[in-house]
Structures are given as structure tokens and as C-alpha cells.
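> Have a look at this prediction, sequence included:
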Amino acid sequence: AAGVIQSPRHLIKEKRETATLKCYPIPRHDTVYWYQQGPGQDPQFLISFYEKMQSDKGSIPDRFSAQQFSDYHSELNMSSLELGDSALYFCASSSRTTLPDTQYFGPGTRLTVL
Amino acid sequence: GENVEQHPSTLSVQEGDSAVIKCTYSDSASNYFPWYKQELGKRPQLIIDIRSNVGEKKDQRIAVTLNKTAKHFSLHITETQPEDSAVYFCAASFNSNSGYALNFGKGTSLLVTP
């Protein structure tokens, strides 16, 4: 079965640079969630989208923004990168029409800020 | 907001023994409780979940119990195998108009020794 796709899988940036992470949800899933996971920590919810509208907001810094497009893929834009932004970034997707609370995670993007 | 506590943080068992991980949550509105298994550097993988209208759910060697009154839920793994070694996260979410963002526990590092 098709799973959540994230790109790139690895990304290395310098401080103060920008980064864009992409997420392609499971086919027919309409909801996308972004999570940040630091080393040895649990995933922290950043933001979610349903039908191209922001549905919930968590601990997302003001330097980050995100959106969902008409094909349901989502992009997380990160600006003025800091060393502390180094983490694994996971996207998860779900379907509001079947099991809206059940989230499946993508493989993640490992962001390293130097 | 929701606060999920998870114990123990590390757990070591002999192959064939059972393992139990416990979580408590603070928000009585929470109604969905998934468990994820995460191997090092990999995605969180949904292994079992339970909703608030059910007290227990079993899938082969894995079972989850929920006590809504006490606001705690537990993961039980029987006949453990070395490949069960991973970090296990419990999580909680609730049905709201804004979405189903997950609040995770801090994780339990399970080691199954042959």
C-alpha cells in the first residue's frame, strides 16, 4: 500500500538559511500533520491542515510557515534557521471521511543546521 | 493542553517474557489513544490503538487496555522477541473541530535480550 512520502530525506543548511520540506499524503487522505522530533525526544506537534485550510496549530515557531495545496500535498517552510532547528521532521496523514484520528507517519526529513 | 505521562522510560526483558508500558493523560476529553513503535532513525509506526468507547483491544501478541475513569492506558506485549526492541510512544488526542493533533508521552526504550 502507498505510504506518506517526504522529501528531501536529508537536508543540511547553514544558520540563517531557509529550508522547504515537502509531504505527499497517502492517496485519498485529506489531512496533513507536521511534527518535529529532537534527538531522544518525543514528536512535537507543529501544525495541521484539512482541505487546504489550517486546522490546528501547535508549537510552531513564527519563523516557520506551512500550507496545503489542491493536490493535498503540504510544504513546511523554515526561515532564519537556528542550530536548535536540527531535528527529524515528520509528516503524517489521515482521512476525515474514514478514520479521522488515525495518523500514518512518513519516513521523515532529517534537517541538520550547521 | 493535554499532558501525557509514560512509564517506565526504559525497560529490559528476557525474550519470551511480557512487557507492560503505562501512560496517563490529563484531558478527560481525550478519546483516541494510539501506540507507536519507533526504531532508531525511522518513522513512528502505528502498532495498535484504542478509542474511549472500548476497554480493551488485542492484536496477536499486543494488547492495549484503557481505564477512562482513572485516565490511564497500557500496552501489553506478550512472548517478546528481540525484534520488539525499539522505543514505544503512547499518545492521546481528542475529537475537535480543529483536528486530531497527537500529544505524545516521552517514550519507553524497550530492550529484549535473547
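Cool, the structure landed.
> for chain A, what are the nearby residues on chain B?
Contact residues (C-beta under 8 Å from any C-beta of the partner chain) of chain B with chain A: B:32, B:34, B:36, B:41-46, B:49, B:51, B:89, B:93, B:95-96, B:98-107. (C-beta placed from N, C-alpha, C; glycine too.)
> Can you select the buried ones from these in ChimeraX?
Buried members of the residues of chain B next to chain A, defined by 16 or more other C-beta atoms under 10 Å in any protein chain shown, are picked up in ChimeraX with:
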select /B:32,34,36,43,44,46,49,89,93,99,100,101,102,103,104,105,106,107
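> Keep only those of the residues of chain B next to chain A that are in strands.
Among those, the subset assigned to strands under DSSP state E consists of B:32, B:34, B:36, B:45, B:46, B:49, B:51, B:89, B:103, B:104.
> Name the nearest of the residues you listed relative to residue A:25.
Distance to residue A:25, by C-beta to C-beta, is smallest for residue B:46 among these, at 14.9 Å.
> quick one, what contacts the closest one?
Listed by C-beta atoms under 8 Å, 6 or more residues apart in numbering or on different chains, the contact set of residue B:46 reads A:102, A:103, A:104, A:105, B:34, B:35, B:36.
> what about chain B, any weak spots by pLDDT?
B:95-98 (pLDDT under 70).
> ditto for chain A
For chain A (pLDDT under 70), the answer is none.
> List, one by one, the residues from it near chain B.
Residues of chain A that fall close to chain B, judged by C-beta under 8 Å from any C-beta: A:31, A:33, A:35, A:41-45, A:48, A:50, A:55-56, A:58, A:88, A:90, A:94, A:100-108, A:110.
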